[in-house]
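Got a sequence here, can you build the structure:
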Amino acid sequence: TTDEGSGRIYVANATELLAFSNSNDKYEVYNACPPGEPVLGPDMAKAVNKKMLKVYPWMIRIVFFFAWHLSKGAIPTSRGGWRYYSYPVAVDGSKLTNKLGFKYSMGSKDAFVKKEGRYMKFVKI
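Model prediction:
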């Protein structure tokens, strides 16, 4: 279920596994997230050679408040939706491994920063 030699997990592989698996369940939700350390803001900034701008939750809440009220609801900002604009987003990818046998070939940080794999031909360096 992983691309041989690339050391990278692909959503396409997980999608293929889900599409052709014999699951008796009608609806399942899976997170494609390898076990291990999460990718944090400083890690992301370092990977793309940018400085990190720390934005606190109270700042996001103010922006969401004004986005909703000034647009009279045209900008749909759900109650508590601001919480999902922070990293790391807590997810667990073990269900994909336990139920369907999907094997992650590297951790989250390596998958985020390494420049290798079958889709590298589309990446401009």
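
Show me which helix or strand of this protein is least confident by mean pLDDT.
Between all helices and strands in the chain, the lowest mean by mean pLDDT, DSSP states H and E belongs to helix 11-19, at a mean of 69.

Would you mark the buried spots in the longest helix along the chain?
Using DSSP state H, we find that the single longest helix of the chain is helix 57-70. Going by neighbour count (16 or more other C-beta atoms under 10 Å), the buried part of helix 57-70 is 60, 64, 68. In this view, the C-beta of every residue, glycine as well, is placed from N, C-alpha and C.

Excluding chain neighbours, what is closest to the last one?
Of all residues not flanking Trp68 in the chain, Thr77 sits nearest, at 4.6 Å (C-beta to C-beta, 6 or more residues apart in numbering).

what's the pLDDT at that neighbour?
We have a pLDDT of 73 for Thr77.

Look at it and say how many residues are nearby.
Number of residues near Thr77 (other C-beta atoms under 10 Å) recorded here: 17.

How much space separates it from Arg61?
10 Å (C-beta to C-beta, to the nearest Å).

what do you get for Ser71?
16 Å.

Also Ser78?
13 Å.

Run a quick neighbour tally on Arg105.
Check again: residue 105 is Ser, not Arg. Ser105 has 19 nearby residues by other C-beta under 10 Å.

for the one 5 residues further on, same thing?
Residues near Asp110, counting by other C-beta under 10 Å, number 17.

Please, which helix or strand holds it?
helix 108-113 (DSSP states H and E).

that older thread, what's the next secondary structure element after the longest helix of the chain?
Assigned by DSSP H and E, the successor of helix 57-70 is helix 94-100.

Mark out where each domain of the chain begins and ends.
1-38+90-119, 40-87 (automatic domain parsing).

Mean pLDDT lowest where, among these?
Ranked by mean pLDDT, these bottom out at domain 1-38+90-119, with a mean of 72.

Return the distance of that domain from the chain's centre.
Computed by C-alpha atoms, centre = their mean, to the nearest Å, the chain-centroid distance of domain 1-38+90-119 equals 11 Å.

Kindly report the same for stretch 108-121.
With C-alpha atoms, centre = their mean, you get 14 Å for stretch 108-121.
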